[in-house]
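# have a look; sequence and predicted model below, questions after that.
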Amino acid sequence: MERRRITIRDISREVGLGIATVSRALNNEVDVKEGTRLKVLEVAHRMGYQKDAMLSALAQMRWKQGKKGIAQTIAWIDCWPQGDASGTIREGEFYESIYKGAVSRGEELGYRIAFYKARKGNMSDARLSQILEARGTLGVILPPSPLCSDDLGMEFGKACRVDLDWDKFCAVRIGYSYSAHPFNVVVSSQFECAELAIKSMIDRGYRRIGYLTSGNQVRRYRGRFLGAVLYCGVRYKPSGISITEHVVEGDICDADGPNVRGWIEENRIEGVLGNSYEVMDLLREEGYSIPEDIGYAHVGGGNGEREVSLVDQNGKEIGRNCVDVLNSMIKNNEKGVPGIVREVQIQPSWVAGRSLREVGEGDSSFPLRWGSA
């Protein structure tokens, strides 16, 4: 004989609490005392309670609809030294698209994204934490920071650390800027970004490709772009395609122009891959015309700035998925540093621009295609 399904009503009778309280305890909601929650979970486990997936989905849908009029708060903590007080980051379309994606998804789920400047005036992190708690903030988003530190304690700037009372908030990072805070993270698939850019260059006929980056960028992105470049170098070598890299210590602005030119000429590079537009500016400063003398592809994110051939990291989807992850954490009352970090990677898209051109078989128009390859 099939055993009857244990319901929330059964648990309510057993534990002597209201159905609504039991439901909130089973869902780890924030307004349930810890002792009550543990008591309900213990009784539910003993009775063999199992959630009904269909009923849970229906309850979630009703919860979303009900939240639209409530607009609970998620904090967006901006650490840029300059920013638009209205809530967008003055760093180009990519960062704005992340923010707008988070806002739109928040509205759909019943959240208001509140913009905070962590480095505004003399406000301390402790004071900011108090403000967030007093305003009933449920979750915190840490978007990309202009500076970062690595796991070795090697700091490139202090703006990437925000010392809130994290045990009181659910938190999600966007990207790897905040490596000092090991929260769940949503990021573009950076390995796939570089791989897609290289494949797109090859499809346009480029046979000698170079990746120009800096040591700080390698550390910031934890070598994911560089790893893809090395992988593609091995993958495409049997096809006669050369892929090489040049890492400038420090930042791209520290690059020695003649040294970069020497690298290009020595490897007869036809197209350059870069993480920042400073790479393209450096090439022009060295006298290269883009795309006539040398092609350029951008993998630093964006949505078509400056009509450059680029990999769009799909910032809007990053922002939307960030809110989805945070919403799940809020529903499950997952505050503080998680035991195991979850990482959600967003697939990139290719955007054709004017900085690359079609290169035909045996094309001799590149000044650097001297003699035989």
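Arrived safely, thanks for sending. Since we're looking at a predicted model, the values are computed, not measured.
# which parts of the stretch 51-200 of the chain are strands?
Secondary structure of the stretch 51-200 of the chain (DSSP state E, counting those that start in this stretch): strands located at 72-78, 111-117, 139-142, 170-174, 184-188.
# what pairs with the fourth one, parallel or antiparallel?
Using DSSP bridges, strand 170-174 pairs in its sheet with strand 139-142 (parallel), strand 184-188 (parallel).
# with distance to residue 230 added, can I get those in CSV?
For the C-beta atoms, the positions are set from N, CA and C on the backbone; glycine is no exception. Below are those laid out as CSV (distance: least, C-beta to C-beta, whole Å):
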stretch, distance to residue 230
strand 139-142, 29
strand 184-188, 19
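# nearest to residue 194, out of these?
The closest of the strands paired with strand 170-174 to residue 194 is strand 184-188. By C-beta to C-beta, the value is 10.7 Å.
# for the record, mean pLDDT for that closest one?
Per-residue pLDDT values over strand 184-188 give a mean of 95.
# and if you look at stretch 328-338?
The average of the pLDDT scores along stretch 328-338 is 91.
# for it, buried residues please.
Burial within stretch 328-338, assessed by neighbour count using 16 or more other C-beta atoms under 10 Å, is assigned to 329, 330, 331, 333, 334, 335.
# which pair in those residues spans the largest distance?
It's 331 and 335 that sit farthest apart of the buried residues of stretch 328-338, by C-beta to C-beta, at 12.2 Å.
# so, low pLDDT: which residues of the stretch 101-250 of the chain?
119, 121, 146-160 (pLDDT under 70).
# residue 174 is in contact with residue 98, correct?
Yes: applying C-beta atoms under 8 Å, one finds residue 98 in contact with residue 174, separated by 6.2 Å.
# just give the number of residues close to residue 102.
Residues within reach of residue 102, counting by other C-beta atoms under 10 Å, total 30.
# equivalent analysis for residue 261, please.
16.
# and residue 257, by the same measure?
So residue 257, with other C-beta under 10 Å, has 12 neighbours.
# residue 140 versus the nearest residue to it once chain neighbours are set aside, what's the distance?
Leaving aside its chain neighbours, residue 257 sits nearest to residue 286 (5.1 Å; criterion: C-beta to C-beta, 6 or more residues apart in numbering). For residue 286, the distance to residue 140 equals 43 Å [C-beta to C-beta, to the nearest Å].
# who has more neighbours, these two?
For residue 286 versus residue 140, neighbours defined as other C-beta under 10 Å are more numerous around residue 140 (24 against 15).
# how near is that one to residue 259?
43 Å.
# dump the residue contacts of residue 129.
Listed by C-beta atoms under 8 Å, 6 or more residues apart in numbering, the contact set of residue 129 reads 164, 165, 168.
# adding neighbour count and distance to residue 11, write the residues you listed out as CSV.
Converted to CSV, the contacts of residue 129 look like this (neighbours: other C-beta atoms under 10 Å; distance: C-beta to C-beta, whole Å):
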residue, neighbour count, distance to residue 11
164, 22, 35
165, 15, 33
168, 15, 28
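# going by distance to residue 242, which of these wins?
Taking C-beta to C-beta as the measure, residue 242 lies nearest residue 164 of the contacts of residue 129, at 48.1 Å.
# list the contacts of that closest one.
Counted by C-beta under 8 Å, 6+ apart, residue 164 has contacts 125, 128, 129, 132, 140.
# surely the second one meets residue 120?
No: with contact taken as C-beta under 8 Å, residue 128 and residue 120 are classed as non-touching, separated by 9.1 Å.
# those two: who's more crowded?
Under the neighbour definition other C-beta under 10 Å, residue 128 and residue 120 were set side by side, and residue 128 has more, 20 against 11.
# just want the most central residue of this structure.
The centroid of the chain falls nearest to residue 187 when counting by C-alpha atoms, centre = their mean (2.6 Å).
# excluding covalently adjacent residues, which one is nearest to that residue?
residue 175 is the one closest to residue 187 (C-beta to C-beta, 6+ apart), at 5.1 Å.
# now do the contacts for that neighbour.
Taking C-beta under 8 Å, 6+ apart, we find residue 175 in contact with 143, 144, 185, 187.
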